[in-house]
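Novice: task: produce atomic coordinates for the following.
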Amino acid sequence: MQYSWQKFGLLSGLLVLLGSCAQLGNLEESLAPDPRLVEQQEQAAETDPPADSSLPTDFPAEIPLYPEATLIQAEDKTTVWAIADNVQSLEAFYRKAFSEAPWEIVESPAAAPDNLLEIVARTSDLEVTLSLSEAASPTTNDSDQAVAGTTFALSYRALSTTGTDDTAPTDTSNLPADTDLAAQVQDLIALKVFTATDFQADTVITRRQFARWLFKAHNAIYGDRQNQQIRRANSNSKPIFTDVPASDPDFPFIQGLAEAGIIPSTLTNDTLTTFRPDAPLTRESLIAWKVPLDRRQALPQTSLDNIAETWGFQDAPKIDTRALQALYVDFQNGDQANVRRVFGYTTLFQPQKTVTQQEAAIALWYFGYQGDGLSAATARGDRQAPNQTADTETNAPASQDP
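Specialist: Residues are numbered from 1 along each chain as shown. This is a model prediction of the structure:
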């Protein structure tokens, strides 16, 4: 009898243990992930590609991509992206990226009325256009929309690296009738100071346009002398002029010239706080900005007597002090003086007379002082020489042993 009770107790304990194991198994199953969800996640991981995996095969690797941007469309050398940030962040990123070598922000073409932003940048062999429409972009004041995303497009095209860029434009209708002057303009076009379409010989040039041309022409002509080039202003720099903010497309040029002391500003102890970028350029401003880059030294003090003894201008008392200093130096430059090359012989300077694009181009064709200088023609020839050498080597007949 005692044995039976022991057997019964052992059997009961075994049943309890087995029940506990079964419950533990059920608990593990209840805590385990749903196999259907696991399968879906594995499939998603296999099918969802990285954001840039659908990039066209010809998408240039050197184009900077906005951090965490998602590619949503790619077609015919245009890619469309979405980001969580607003337009201001997008613009700041690309203005900074395109202001660094080898990129250069160039003049944007006329934008469509619904375009909120357009930036065109180039390297020696590539052009990229960043653009977005107002309808596709959130307002910067609406944080909910900004989080929802901003869409923008990056379009790209290859630039010819052959002699195409260095040849004269096919459309010469805008060029001066004078053959020599037309050749000078073509030299500047070849150096990408401006385009044949942009140039209108008899149109008055604005201050912003001349600042841009001055910056580009100087750096292009001194292209092989990095230590003599003017540096572009950083987009994070505090604007010197209240009417030229960092968002202005010509900010890198105008601010860069001011930071180099070429354009008078508060940095040169002038009281000027505005630049008036869209005002017409005057003769005295052209001379005051250009001559320091010819002499490459600070302008000396001068007087009305000095001008009377040199140029003999009848209207000298009407000329600004800085322009007087530049004029005195310019006279020492002989036949390469800007006044002689641009305005010819004159006894009246007419300091407030506006300047045409043709006159500006003539001034920018040459930089130098007293015989030590460079012209756009020389710089253009230097650029063509490597291509011509390469073509000669490529097309040279194979040598034959006697």
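Novice: assign the residue most central in space within the chain to helix, strand or coil.
Specialist: Closest to where the C-alpha atoms of the chain average out (C-alpha atoms, centre = their mean) is residue 105, at 1.5 Å. At residue 105 the chain is in strand, as set by DSSP: H, G, I helix; E, B strand; the rest coil.
Novice: give the contact list for it.
Specialist: Contact analysis of residue 105 by C-beta atoms under 8 Å, 6 or more residues apart in numbering lists 95, 98-99, 119-121, 249, 252. All C-beta atoms are positioned from the backbone trio N, CA, C, and that covers glycine.
Novice: rerun that using 7 Å as the cut-off
Specialist: When contacts are counted by C-beta atoms under 7 Å, 6 or more residues apart in numbering, residue 105 touches 98-99, 119, 121, 252.
Novice: now, those that are in strands?
Specialist: 119, 121 (DSSP state E).
Novice: reformat the contacts of residue 105 as a markdown table; add neighbour count, pLDDT and distance to residue 159.
Specialist: Listed next are the contacts of residue 105 as a markdown table, based on neighbours: other C-beta atoms under 10 Å; pLDDT from 0 to 100; distance: C-beta to C-beta, whole Å:
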| residue | neighbour count | pLDDT | distance to residue 159 |
| --- | --- | --- | --- |
| 98 | 22 | 88 | 15 |
| 99 | 19 | 84 | 19 |
| 119 | 18 | 85 | 17 |
| 121 | 22 | 86 | 12 |
| 252 | 23 | 93 | 20 |
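Novice: how about the strands in the stretch 51-200 of the chain?
Specialist: 70-75, 78-83, 104-106, 115-122, 126-133, 150-158 (DSSP state E, counting those that start in this stretch).
Novice: out of the ones you listed, the one nearest residue 263 is which?
Specialist: strand 104-106 (18.8 Å; C-beta to C-beta).
Novice: what strands line up against that closest one, and which way round?
Specialist: Paired with strand 104-106 in the same sheet, following DSSP bridges, are strand 115-122 (antiparallel).
Novice: just the buried residues of the strand it pairs with, please?
Specialist: Using 16 or more other C-beta atoms under 10 Å as the test for burial, strand 115-122 gives 116-122.
Novice: would you turn the residues you listed into CSV with distance to residue 179?
Specialist: Output for the buried residues of strand 115-122, formatted as CSV (distance: C-beta to C-beta, whole Å):
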residue, distance to residue 179
116, 45
117, 42
118, 37
119, 37
120, 32
121, 35
122, 30
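Novice: so for these, which is the shakiest by pLDDT?
Specialist: Lowest pLDDT within the buried residues of strand 115-122 is found at residue 116 (57).
Novice: wait, residue 270 touches residue 264, no?
Specialist: Yes. Look at residue 270 against residue 264 with C-beta atoms under 7 Å: they come within range, at 4.3 Å.
Novice: out of these two, which sits in the busier spot?
Specialist: Legend: neighbour count by other C-beta atoms under 10 Å for residue 270 and residue 264, higher for residue 264 (18 against 12).
Novice: confirm that one sits in a strand?
Specialist: No. Applying three-state DSSP, one finds residue 264 to be coil, outside a strand.
Novice: got the residue ranges for the helices in this protein?
Specialist: Using DSSP state H, the helices of the chain run over 2-31, 35-47, 87-97, 143-148, 179-190, 207-221, 251-259, 283-295, 304-309, 321-331, 338, 357-364, 376-395.
Novice: least confident of these, on average?
Specialist: helix 143-148 (a mean of 40).
Novice: what about the residue nearest to the centre of the chain, distance to residue 69?
Specialist: 20 Å (C-beta to C-beta, to the nearest Å).
Novice: one more: residue 230?
Specialist: On the measure of C-beta to C-beta, residue 230 and residue 69 end up 33 Å apart.
Novice: neighbour count: those two, which is higher?
Specialist: residue 69 (22 against 18).
Novice: tell me how far the more buried one lies from residue 62.
Specialist: 16 Å.
Novice: over to residue 221?
Specialist: 26 Å.
Novice: neighbour count winner among the two?
Specialist: Neighbour count, other C-beta under 10 Å: between residue 221 and residue 62, residue 221 has more, with 30 against 11.
Novice: got the buried residues for stretch 187-195?
Specialist: 187-194.
Novice: JSON lines please, covering those and showing distance to residue 257.
Specialist: As requested, those are exported to JSON lines (distance: C-beta to C-beta, whole Å):
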{"residue": "187", "distance to residue 257": "22"}
{"residue": "188", "distance to residue 257": "18"}
{"residue": "189", "distance to residue 257": "22"}
{"residue": "190", "distance to residue 257": "23"}
{"residue": "191", "distance to residue 257": "18"}
{"residue": "192", "distance to residue 257": "18"}
{"residue": "193", "distance to residue 257": "15"}
{"residue": "194", "distance to residue 257": "17"}
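Novice: from these, pick the one nearest residue 90.
Specialist: Nearest to residue 90 among these, with distances taken as C-beta to C-beta, is residue 192, at 26.2 Å.
Novice: do you know how far that closest one is from residue 131?
Specialist: Distance from residue 192 to residue 131, by C-beta to C-beta: 21 Å.
Novice: please name the spatially closest residue to residue 103 (chain neighbours excluded).
Specialist: residue 121 (4.9 Å; C-beta to C-beta, 6 or more residues apart in numbering).
Novice: test my guess that that neighbour contacts residue 104.
Specialist: Yes. Applying C-beta under 7 Å as the test, residue 121 and residue 104 come out as touching, 6.5 Å apart.
Novice: coming back round to it: quick check: bridge partners of the residue nearest to residue 103?
Specialist: On the basis of DSSP bridges, residue 121 is bridged to residue 105, residue 128.
Novice: so who does it touch?
Specialist: Counting by C-beta under 7 Å, 6+ apart, residue 121 makes contact with 98, 103-106, 128.
Novice: residue 94 versus that one, what's the distance?
Specialist: For residue 121, the distance to residue 94 equals 8 Å [C-beta to C-beta].
Novice: before we move on, what about residue 350?
Specialist: Residue 350 is 43 Å from residue 94, by C-beta to C-beta.
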